[in-house]
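Student: The sequence and its predicted three-dimensional model are supplied below.
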Amino acid sequence: DNPVSRVTAESRKLAPISTYIQFDDAMAEFWQTADLEEKIRFFPVRLWWVLTIILPLRVTEFLLTPRDCLSVRDGTSLLTVRRTRLKHGLLRVYYNIEEDYERFEYPVSQSLADEITWYINATADLPKSQINTLFVPEKGGAYLTYSRMCFLLRELLEKWHISDPVHLGDTRHLSMISLILSGDTPSICKALADHSNIVTSMGYYANVKTLSGSHVLRLLFENGAVSLPPRLIPAPFVSPGTMLRVKDGYCDFQSLTAIDPYECCKTWTLERGLG
């Protein structure tokens, strides 16, 4: 039983990467034009997207972010979040937030700290969560629940005409894929995701193979580094002895060994993709 094959087969089926790019663009545009009421109402979705796509929190952990979540130490803004104690074996359940969850601090950018500070100030006069969490409840609720958070996300997807499903749990996977693509190790993924073993973490970044090509395209598109020719450009003959063996042929670009994607994208077709 190969654990790599097993976790790959069992990993979450994500939407096409273009869907998340569309979502990111729509969120950025919406946040520039939304009025105060809209910003307060949809801030939980906004923060979920910009935070958990970097820090792989579970959705329940994210929703339990404490109201007093910001602090400053040595000039660095720190965000306090709750991580569950109930995912590491058969532990006693206390049915109490402070007993079942542990507080962790993570450094965050000043811009993110400023957004959270804005939300805290903007909601200062609104009814607070009965369990002292960051987000104010809707419609007389005790706190912002998972189901209500799903409703807010679906409302935005419909508003922005995004047809592919985007789920709250997707960003945990996207965050870990981003860590792997950025060169971090499985051990780093395990630690940030708060997993008990690396095999569990593998199930979260197992989608990396299907997303990495699109990640490269996005990177190059944003940098304007290359243009994509409409047809295959024949390459000059080079002796195979000086080239690197790759799938379906050889590559004469020696920086391929350093995983440099720019040269690969100078040749692209709809039929064969990159390289």
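Tutor: Okay, I see it. Numbers count the residues shown, from 1 in each chain.

Student: And stretch 60-76, end to end?
Tutor: Chord length of stretch 60-76, first to last residue, is 26 Å (Cα to Cα, to the nearest Å).

Student: Just the residues contacting that stretch, thanks.
Tutor: 44, 47-48, 51-52, 77-84, 97, 101, 103, 105, 107, 113, 116-117, 120, 128-129, 131-135, 143-146, 149 (Cβ atoms under 8 Å, 6 or more residues apart in numbering). C-betas here are computed from N, CA, C, even on glycine.

Student: Mind jotting down where the helices sit in this protein?
Tutor: Ranges of helices within the chain are 3-10, 17-33, 36-52, 59-63, 97-100, 110-122, 146-159, 170-181, 186-193, 198-205, 208-223, based on DSSP state H.

Student: just to revisit the earlier point, now the buried members of the contacts of stretch 60-76.
Tutor: Buried by 16 or more other Cβ atoms under 10 Å: 44, 47-48, 51-52, 77-79, 81-82, 84, 101, 113, 116, 128-129, 131, 133-135, 143-144, 149, out of these.

Student: tell me the contacts of residue 13?
Tutor: Residue 13 neighbours (Cβ under 8 Å, 6+ apart): none.

Student: ok, so what distance separates it from residue 53?
Tutor: 18 Å (Cβ to Cβ, to the nearest Å).

Student: same deal with residue 73?
Tutor: 25 Å.

Student: Neighbour count: those two, which is higher?
Tutor: Using other Cβ atoms under 10 Å, the more surrounded residue of residue 73 and residue 53 is residue 53, with 18 against 9.

Student: Now the more buried one: closest residue in space, sequence neighbours ignored.
Tutor: residue 171 (4.5 Å; Cβ to Cβ, 6 or more residues apart in numbering).

Student: and what of residue 27?
Tutor: Residue 27 sits nearest to residue 49 (Cβ to Cβ, 6+ apart), 5.8 Å away.

Student: That neighbour reaches residue 26, doesn't it?
Tutor: No. Counting by Cβ atoms under 8 Å, residue 26 is not a contact partner of residue 49; they are 10.3 Å apart.

Student: what about the two, which has more around it?
Tutor: Neighbours were counted for residue 49 and for residue 26 using other Cβ under 10 Å; residue 49 has more, 21 against 16.

Student: give the contact list for that one.
Tutor: Residue 49 neighbours (Cβ under 8 Å, 6+ apart): 23, 24, 27, 171.

Student: ok and the longest strand belonging to the chain relative to helix 110-122, angle-wise?
Tutor: Criterion DSSP state E: the longest strand present in the chain is strand 76-84. Orientation note: strand 76-84 sits at an angle of 70 degrees relative to helix 110-122 (axes from the mean of the first three to the mean of the last three Cα atoms, to 10 degrees).

Student: Mind listing the strands strand 76-84 pairs with, and their directions?
Tutor: strand 70-73 (antiparallel), strand 101-107 (antiparallel) (DSSP bridges).

Student: ok, of those strands, where does mean pLDDT dip lowest?
Tutor: Here the lowest mean pLDDT among these goes to strand 101-107, at a mean of 87.

Student: ok, and what's touching that one?
Tutor: Against strand 101-107 from outside (Cβ under 8 Å, 6+ apart): 55, 61, 64, 66, 71, 76-85.

Student: hmm, try it at 6 Å
Tutor: By Cβ atoms under 6 Å, 6 or more residues apart in numbering, the residues outside strand 101-107 that reach it are 76, 78, 79, 80, 81, 82, 83, 84, 85.

Student: where does the stretch 101-250 of the chain have low pLDDT?
Tutor: Along the stretch 101-250 of the chain, segments meeting pLDDT under 70 span 178-250.
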